[in-house]
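> Need the 3D shape of this:
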Amino acid sequence: MRNFWLFLHRWTGLLMAGFLIVVGATGSLLAFMPELNRLLAPQIYPGPREGKELALGALARRAETLAPAGRATQVSYVQPGTARVSMTPRPLPLVADYSVLYADPVAGDEYVLGARPEPPPLGFDYLFLDSVTGDELGRLDKEPPITSGAGVMPFIDRLHFRLAMGEWGGWILGIVAVVWTIDCFNGLYLTLPISIAKGNRKSWLERWKPSWLVKLRGSFYRVNLDLHRAFGLWLFAVLLLFGWSSVYFNMRNVYDPVMRAVFDFDTPPTMAHGKSMGAKAHAAEKAPMSFERAQAIGESHMAEQARDAGFTVERPFRLTYQAAQNSYTYAVRSSRDVGAKFGRTSVVFDAATGAFRSLRVPTGQHSGNTFTTWIVEMHLANLFGLWFRIFVCVLGLGIVMLSVTGVYIWWKKRSARVASAAARAPAKPAAAASIPAMACVEKSN
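Alright, predicted model coming up:
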């Protein structure tokens, strides 16, 4: 059985190695994404500014003033001093077709059918504003060119979470994450001491102790083996949690059922009713309220929910309009949040009437969701301040090291097996025939 698990560990490791090298290296950079964004694109990320930040609704209106052909769909404080507004083309007026009439068979009313022409593209997806003054800082696509400073870190982010391949890349990394999570247990098992001959008085823990140590004075192969084994042991729990949180990001059809089986886990409301509500909302679509009005209603709902649920609101973070559900989501950072950079406490309400729909808090509501919040914020290096970001950066490099040393160990063992097989192989007939001939020559001399 041990040989089987060793075989499985070896080949799953080889299959994952390239992906984990990419994920580990990019993850090390993403741990310091705000600082790198500020370094590479200071015009968009100028850093903290003096003065009071404009309200989310005011920033959305400011963006629509700067780009009249666009309509804001989301506004958020992405970094200190910078607000990002997601924009879509503003719908054009309906063009009626008077040659086609629709008659209501009950009321007898007639309606003129029409078509809404496709609006021209804006040429950008995000409008960045100074969160204090409202001045425009820049316009970017969802996937800005990597040749620009502002496009470097978004590309690193896409590479880390999607291999920069869109949905297909997400599926590939999702499969890798599932295999990685399972292989963590396999790797732990393979470090355990094997049975030994009778008479050895060393305890089980004494025989396991060398697996936790690195002998730097050993051969190059031995140092690589020790690094691979000891790093995986010392950080087993962290590597397991990073692997499982990667499943959350890219393989929710695996993550959600497992979490429901183990914890009290609730799928986010927007994911639970997104498709079912979409058709209904579209059939009875009503004009959404303005972002400024939505913010006022969102603040009112949030204050009421905070009183009822017993948490405090610290600062606003994001306001989003979902056209499919005809709803707004107002998100804040609250006492239920554990991460430092984002606000995941949110209320959802009707975009036309303002009627409250649901509350979402990151911790304290469902045990499975609380656990998920912690491992997601850990994965994003959004806990415990600077020292933890340094730890995540080093961990990413450690994952690269695990992959490289694993490949090297496999290559050395394979080379040894090939050499051993060649030494045991019988001599070829031609070579065997040449030996007597050589002997005859030596005898004649």
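
> Confirm for me that residue 238 is in contact with residue 394.
No: contact status for residue 238 versus residue 394: not in contact, 11.0 Å apart, counting by Cβ atoms under 8 Å. C-beta coordinates here come from the backbone N, C-alpha and C atoms, glycine included.

> Break down the stretch 251-400 of the chain into its helices, ranges please.
Listed from the start of the chain, the stretch 251-400 of the chain has helices (DSSP state H, counting those that start in this stretch) covering 252-262, 269-272, 274-283, 291-309, 367-379, 386-424.

> Can you list the buried residues in the first one?
For helix 252-262, a neighbour-count test (16 or more other Cβ atoms under 10 Å) marks 254-256, 259 as buried.

> Can you add pLDDT and give these back as CSV?
Shown next, in CSV, are the buried residues of helix 252-262 (pLDDT from 0 to 100):
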residue, pLDDT
254, 93
255, 93
256, 92
259, 93
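
> among those residues, which two are most distant?
Spatially, the most separated pair among those is 254 and 259, at 9.7 Å (Cβ to Cβ).

> Of the helices of the stretch 251-400 of the chain, which is nearest residue 225?
When the helices of the stretch 251-400 of the chain are ranked by distance to residue 225, counting by Cβ to Cβ, first place goes to helix 386-424 at 5.8 Å.

> Show me how the record splits this protein into domains.
Listed by automatic domain parsing, the domain ranges of the chain are 1-38+160-194+206-266+368-418, 42-147, 273-365.

> so can I have CSV of those domains showing distance to residue 153?
Listed next are the domains of the chain as CSV, based on distance: least, Cβ to Cβ, whole Å:
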stretch, distance to residue 153
domain 1-38+160-194+206-266+368-418, 5
domain 42-147, 9
domain 273-365, 14
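
> Nearest approach to residue 154 belongs to which of the ones you listed?
Of these, nearest to residue 154 by Cβ to Cβ is domain 42-147, at 5.9 Å.

> Let's see the distance spanning the closest one from one end to the other.
The distance separating the two terminal residues of domain 42-147, taken as Cα to Cα, to the nearest Å, comes to 15 Å.

> pLDDT on that domain, on average?
Domain 42-147 shows an average pLDDT of 83 in the prediction.

> so where does residue 206 fall, helix or strand?
Using DSSP states H and E, residue 206 maps to helix 204-208.

> Figure out how far that helix is from the centre of its chain.
The offset between the C-alpha centroid of helix 204-208 and the centroid of the whole chain comes to 38 Å, using Cα atoms, centre = their mean, to the nearest Å.

> what packs against that helix?
Under the contact criterion of 3 or more Cβ pairs under 8 Å, 6 or more residues apart in numbering; DSSP states H and E, the helices and strands touching helix 204-208 comprise an empty set.

> In PDB, please show the C-alpha coordinates belonging to that helix.
Included here for helix 204-208 are C-alpha records, laid out as PDB according to Å, rounded to 0.1, in the frame of the first residue of the first chain:
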ATOM      1  CA  TRP A 204       7.700   5.900  17.000                       C
ATOM      2  CA  LEU A 205       8.200   9.600  17.600                       C
ATOM      3  CA  GLU A 206      12.000   9.200  17.600                       C
ATOM      4  CA  ARG A 207      11.900   7.500  14.300                       C
ATOM      5  CA  TRP A 208       9.600  10.200  12.900                       C
END
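
> which one of the helices of the stretch 251-400 of the chain lies closest to residue 356?
Here helix 291-309 is closest among the helices of the stretch 251-400 of the chain (Cβ to Cβ), at 5.2 Å.

> which residues sit against that closest one?
Contact with helix 291-309 is made by 55-58, 60-61, 72, 75, 288-289, 312-313, 316, 319, 321, 328, 330, 332, 334, 345, 347, 349, 351, 354, 356, 359, 361, as judged by Cβ atoms under 8 Å, 6 or more residues apart in numbering.

> let's see it at 7 Å
55-58, 60-61, 72, 75, 312-313, 319, 328, 330, 332, 334, 347, 349, 354, 356, 359, 361 (Cβ atoms under 7 Å, 6 or more residues apart in numbering).

> could you give the mean pLDDT of that helix?
For helix 291-309, the per-residue pLDDT values average out at 94.

> Now do that helix: distance to the chain's middle.
Relative to its chain's centre, helix 291-309 lies at 29 Å (Cα atoms, centre = their mean).

> in that helix, what's buried?
Along helix 291-309, the positions that meet the burial threshold by neighbour count (16+ other Cβ under 10 Å) are 291, 294-299, 301-302, 305-306.

> which one is residue 288 nearest to, not counting chain neighbours?
residue 351 (3.7 Å; Cβ to Cβ, 6 or more residues apart in numbering).

> The one you found against residue 290, yeah?
No: using Cβ atoms under 7 Å, residue 351 is not in contact with residue 290, being 10.1 Å away.

> Name the residue in these two with the higher neighbour count.
Applying other Cβ atoms under 10 Å to residue 351 and residue 290 shows that residue 351 carries more neighbours, namely 24 against 14.
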